[in-house]
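Asker: Got a predicted model here, sequence first, then my questions.
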Amino acid sequence: MTNPWRGEVEIVIDGAPRAMRLTLGALAELEASLGEDTLVALVERFETGRFSSRDVLALIVAGLRGGGWQGRAGDLMQAEIAGGPVAAAKAAALLLAQAFGPVEAADAV
């Protein structure tokens, strides 16, 4: 079970629930992987619906790593995410929102 007050979001990968969390290190890794100087551009892309699958994957990887996962993006290429791409995008958006202050799950959907 995840703790939204810690900025955690759950995602189910290959049938196993995992906690994602954007720690400071995970945020720095995210900025580097996306080539952004700030996260503002990424937040704006999600707010306006102009995000890419690359953005979603980068957020999930950073969140998983912030939650203690030791894998890499390539490890997720064949993984099954419960709910498919739509659920992955929702989890990524919620994760980004949680990083800057807890929100209720119903508020983010």
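Answerer: Perfect, thanks for sending it.

Asker: and residue 43, how many neighbours does it have?
Answerer: By the other CB atoms under 10 Å criterion, the neighbourhood of residue 43 contains 16 residues. C-beta here means a position set from N, CA and C on the backbone, and glycine is covered the same way.

Asker: Ok, residue 12 next?
Answerer: 14.

Asker: from memory it sits against residue 84, does it?
Answerer: No. Using CB atoms under 8 Å, residue 12 is not in contact with residue 84, being 11.1 Å away.

Asker: so who does the residue in the chain sticking out farthest from the centre touch?
Answerer: The outermost residue of the chain, judged against the average C-alpha position, is residue 37 (18.2 Å), by CA atoms, centre = their mean. Contact analysis of residue 37 by CB atoms under 8 Å, 6 or more residues apart in numbering lists residue 31.

Asker: out of all of them, which helix in this protein is the longest?
Answerer: Ordering each helix of the chain by length in residues (DSSP state H) puts helix 84-99 first.

Asker: residues touching residue 46, list them.
Answerer: 55, 92, 93, 96.

Asker: Tabulate those residues (JSON lines), appending neighbour count and pLDDT.
Answerer: Formatted as JSON lines, the contacts of residue 46 follow (neighbours: other CB atoms under 10 Å; pLDDT from 0 to 100):
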{"residue": "55", "neighbour count": "21", "pLDDT": "88"}
{"residue": "92", "neighbour count": "25", "pLDDT": "92"}
{"residue": "93", "neighbour count": "21", "pLDDT": "89"}
{"residue": "96", "neighbour count": "26", "pLDDT": "87"}
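
Asker: Take those residues and write them to JSON lines, including distance to residue 25.
Answerer: Below are the contacts of residue 46 laid out as JSON lines (distance: CB to CB, whole Å):
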{"residue": "55", "distance to residue 25": "19"}
{"residue": "92", "distance to residue 25": "18"}
{"residue": "93", "distance to residue 25": "21"}
{"residue": "96", "distance to residue 25": "16"}
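
Asker: closest to residue 22 among these?
Answerer: Taking CB to CB as the measure, residue 22 sits nearest to residue 96 out of the contacts of residue 46, at 7.2 Å.

Asker: Touching, the closest one and residue 59? I think so.
Answerer: Yes. Counting by CB under 8 Å, residue 96 touches residue 59, with 6.2 Å between them.
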